[in-house]
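Chemist: structure, please.
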Amino acid sequence: EKGCEWNKPLLLLGVMVQSQAECDAVTLSATISAFEKNSQWLDASQLLGRMTKSKVESGTVPVSAAISACAKGSEWERALQLFSVLGQSKAKLDTISVNAAISACEMSGEWHKALQLLGVISERRLESNTTTFNAAISVCEKGNAWDWALHLLSIVARSEVEANTITHNAAISACEKSMQWREALWLLRGME
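Modeler: Purely as a prediction, here's the structure:
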């Protein structure tokens, strides 16, 4: 039953368009979020494009949802394009949109790009959080950048961001995949 829930906002949007009701940012954002939850990246990005063309103020929420939909659909390049457009728009970048863009880099192991996105957090004076570092360390794991994963873990240790099991497991896995057994064991002992 829940598998069919995602199409309800789309059906409602269709009814609104047919009845020539005005579609506002809230309606369109909810529809994009429904697409995101079901990895419908193409539909999410197309609807976002329609919002822009129709001059409906999109804001950060629907763009972040479209970025996440692209990430779930392994469309990291499209996700980063959307993020770039968001950065140039009137909408305000936030930690959620940066986290979504970093997560988009994960599937492809684009750790260089993820580190650049971490720089955006610093430049824009946004607050990083556990999700930010979990995503970035996971990207480093996928990209065989174990040394960067450890560096990011050390930043977390010195900051107010709280590391969790995911944070440590991603760093350990990065070491393991790069055959850095000594570092992996050191991290495991540190978790005890």
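Chemist: list the contacts for Leu150?
Modeler: Contacts for Leu150 were tallied using CB atoms under 8 Å, 6 or more residues apart in numbering; they are 171, 174-175, 183. For every residue, glycine as well, the C-beta is placed using N, CA and C.
Chemist: these in helices, which ones?
Modeler: Within those, residues falling in helices by DSSP state H are 171, 174-175, 183.
Chemist: circling back: nearest to Leu115, of the contacts of Leu150?
Modeler: Within the contacts of Leu150, the smallest distance to Leu115 is 13.6 Å, found for Ala174 (CB to CB).
Chemist: returning to what we had before: need the worst-confidence member of the ones in helices among the contacts of Leu150.
Modeler: Ranked by pLDDT, these bottom out at Glu183, which scores 78.
Chemist: list the contacts for the residue lying closest to that residue once chain neighbours are set aside?
Modeler: Distances taken as CB to CB, 6 or more residues apart in numbering place Cys175 nearest to Glu183, at 4.3 Å, with adjacent residues excluded. Taking CB under 8 Å, 6+ apart as the criterion, Cys175 is in contact with 146, 149-150, 181, 183-184, 187.
Chemist: mind doing that once more with 7 Å?
Modeler: Counting by CB atoms under 7 Å, 6 or more residues apart in numbering, Cys175 touches 146, 183-184, 187.
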